[in-house]
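J.: Need coordinates for the below:
(one chain, ligands or ions: 1)
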Amino acid sequence: MLMRQLGINGPAVSALGLGCMGMSDFYGPADRAESIATIHAALDAGITLLDTGDFYGMGHNELLLHEALNGRNRDEVFIAVKFGALRTPGGSFVGFDGRPAAVKTFLAYTLQRLGTEYIDLYQPARLDPTVPIEDTIGAISEMVQAGYVRHIGLSEVGAETIRRAHAVHPIAWLQIEYSLLSRGIEAEILPTVRQLGIAVSAYGVLSRGLLSGHWSTERSQEAQDFRSHLPRFLGENLQRNLSLVEALRHIAHTHNATVAQVAIAWVLSRGTDLIPLIGARRRERLTEALGALELHLSQADLAQIEATIPPEAVAGDRYDAGQMAILDSER
Ligand SMILES: NC(=O)c1ccc[n+]([C@@H]2O[C@H](COP(=O)([O-])OP(=O)(O)OC[C@H]3O[C@@H](n4cnc5c(N)ncnc54)[C@H](OP(=O)(O)O)[C@@H]3O)[C@@H](O)[C@H]2O)c1
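T.: Numbers count the residues shown, from 1 in each chain. This next block holds a predicted model:
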């Protein structure tokens with residue numbers, strides 16, 4: 001397995017990480033046995049990085065990981081956990097809590113649900129606008145000193161917050177959306193993390209399935225999940241975006257590859273500090289995603305891909321207006 005290092009002196013993780021969110025939440029029903037089989041297949045293929053969040057299914061995802069990791073060597077797995085989102089029993093999002101006492105409480109419950117004594121990387125899922133980032137990171141830093149956390153990450157925050165957080169404790173990675181359809185980080189955020197020696201854990205590499213080659217208008221109509229609220233999956237925007245995907249499919253065919261493999265390989269090509277997270281929930285999808293590691297794109301190939309999907313051709317924001325408004329990374 002190709003490996004990537006988090007920062008200059010940071011730990012090494014597999015170049016592809018398995019994002020486990022869709023096994024518990026957001027993307028419609030998932031099959032528990034197949035989810036666990038997919039996690040096992042990922043580990044057996046050499047993937048060491050598993051990404052989860054305490055609010056993915058309100059603890060469901062962590063309990064699923066606990067079950068999947070039973071009998072495995074804990075020290076060979078790098079578990080990244082997001083925390084802080086506040087949800088009701090019905091699943092509604094009702095805020096974010098980054099207060100120091102809340103950070104420690106979230107962590108205590110996560111350690112129990114995962115059945116582990118430490119978390120490899122702990123990160124606030126969003127910025128709590130009512131709490132200075134220094135306080136939130138300071139609390140995680142205390143948990144590092146106490147041995148419960150190994151590394152600290154950030155998620156969907158902008159350049160200023162990254163600098164402030166990094167001044168309190170070294171930040172190992174920034175998790176943020178990045179793909180051929182979402183290139184917003186290239187202007188300011190990517191240069192900032194590179195200057196500071198912070199890696200990028202890229203999510204939405206397949207734009208939540210839209211850029212996978214397996215999405216369709218029919219699937220959008222069927223999907224009564226989180227994506228049915230996302231501007232890119234709706235109406236004329238969807239038609240426009242699917243036409244870009246079809247153009248990419250022609251290029252993929254010339255490489256005997258799939259759209260998903262080209263999309264993942266493109267992110268891998270953007271730098272050795274980028275670690276794509278793959279949202280596979282089934283072994284079949286995982287196998288396809290792993291194929292991206294074998295796909296070598298020349299500079300000419302990359303130029304052709306980027307000309308086929310120029311950033312301005314993408315229709316619709318990556319989140320709905322309400323969520324865009326609370327993203328520190330979009331300020
Ligand atoms: N920090 C944050 O704010 C944030 C936000 C979102 C996600 N994340 C993390 O990032 C991870 C990845 O999530 P994502 O939505 O960004 O993933 P993604 O890989 O962009 O999209 C996953 C979707 O694409 C479909 N898909 C089609 N072909 C696939 C293939 N070959 N491999 C994988 N998936 C394929 C999936 O499977 P089906 O066909 O089974 O539906 C699923 O519906 C999450 O699990 C989570 O850990 C973080």
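J.: quick one, what contacts the residue of the stretch 151-300 of the chain found nearest the ligand?
T.: Ranking the residues of the stretch 151-300 of the chain by distance to the ligand (Cβ to the nearest ligand atom) places residue 279 first, at 2.6 Å. Backbone N, C-alpha and C define where each C-beta goes, glycine included. Contact analysis of residue 279 by Cβ atoms under 8 Å, 6 or more residues apart in numbering lists 19, 21-22, 27, 203, 206, 208-209.
J.: got the buried residues for the helix or strand harbouring residue 237?
T.: Per DSSP states H and E: residue 237 is located in helix 235-254. Neighbour counts using 16 or more other Cβ atoms under 10 Å place 237-238, 241-242, 244-245, 248, 251-252 of helix 235-254 among the buried residues.
J.: What is the neighbour count of the residue of the stretch 1-150 of the chain found nearest the ligand?
T.: For the stretch 1-150 of the chain, the residue closest to the ligand is residue 19, as judged by Cβ to the nearest ligand atom, at 2.1 Å. Residue 19 has 25 neighbours, counted by other Cβ atoms under 10 Å.
J.: what does the chain have sitting close to the ligand?
T.: Listed as neighbours of the ligand in the chain under the rule Cβ under 6 Å from any ligand atom: 19-22, 27, 51, 82, 125, 155-156, 175, 203-209, 212, 214, 260, 277-282, 285, 288-289.
J.: Narrow these to those that are buried.
T.: Neighbour-count burial (16+ other Cβ under 10 Å) applied to the residues of the chain next to the ligand gives 19-22, 27, 51, 82, 125, 155-156, 175, 203-209, 212, 260, 277-282, 285, 288-289.
J.: among those residues, which are in strands?
T.: Members of these lying in strands (criterion: DSSP state E): 19, 51, 82, 155, 175, 203, 277-278.
J.: list the contacts for residue 54?
T.: So residue 54 contacts 62, 81-83, 85, 106, 109-110, 113 (Cβ under 8 Å, 6+ apart).
J.: ok, residue 230 touching residue 321?
T.: No. Using Cβ atoms under 8 Å, residue 230 makes no contact with residue 321, being 11.0 Å away.
J.: can you map out the helices along the stretch 201-331 of the chain?
T.: Assigned by DSSP state H, counting those that start in this stretch, the helices in the stretch 201-331 of the chain fall at 217-222, 235-254, 259-269, 283-290, 299-308, 321-326.
J.: quick one, which of the ones you listed is nearest to residue 163?
T.: With Cβ to Cβ as the measure, helix 321-326 is the member of the helices of the stretch 201-331 of the chain nearest residue 163 (20.2 Å).
J.: what about that closest one, average pLDDT?
T.: On average, the pLDDT along helix 321-326 is 94.
J.: Check this protein and tell me which residue is nearest its centre.
T.: Closest residue to the average C-alpha location of the chain: residue 203 at 3.1 Å, with Cα atoms, centre = their mean.
J.: didn't that one look like it was pressed against residue 175?
T.: Yes. If you go by Cβ under 8 Å, residue 203 and residue 175 touch, sitting 6.2 Å apart.
J.: Could you name every residue contacting both of these two?
T.: Common neighbours of residue 203 and residue 175, using Cβ under 8 Å, 6+ apart, are 51, 277.
J.: Dig out what residue 275 forms beta bridges with.
T.: Beta bridges link residue 275 to residue 201, judged by DSSP bridges.
J.: shaky segments in this structure?
T.: The chain contains no residues with pLDDT under 70.
J.: Could you check how far the closest residue in space to residue 154 that isn't next to it in sequence is from residue 7?
T.: Excluding its sequence neighbours, the residue lying closest to residue 154 (Cβ to Cβ, 6 or more residues apart in numbering) is residue 174, at 5.0 Å. Look at residue 174 and residue 7: by Cβ to Cβ, to the nearest Å, they are 11 Å apart.
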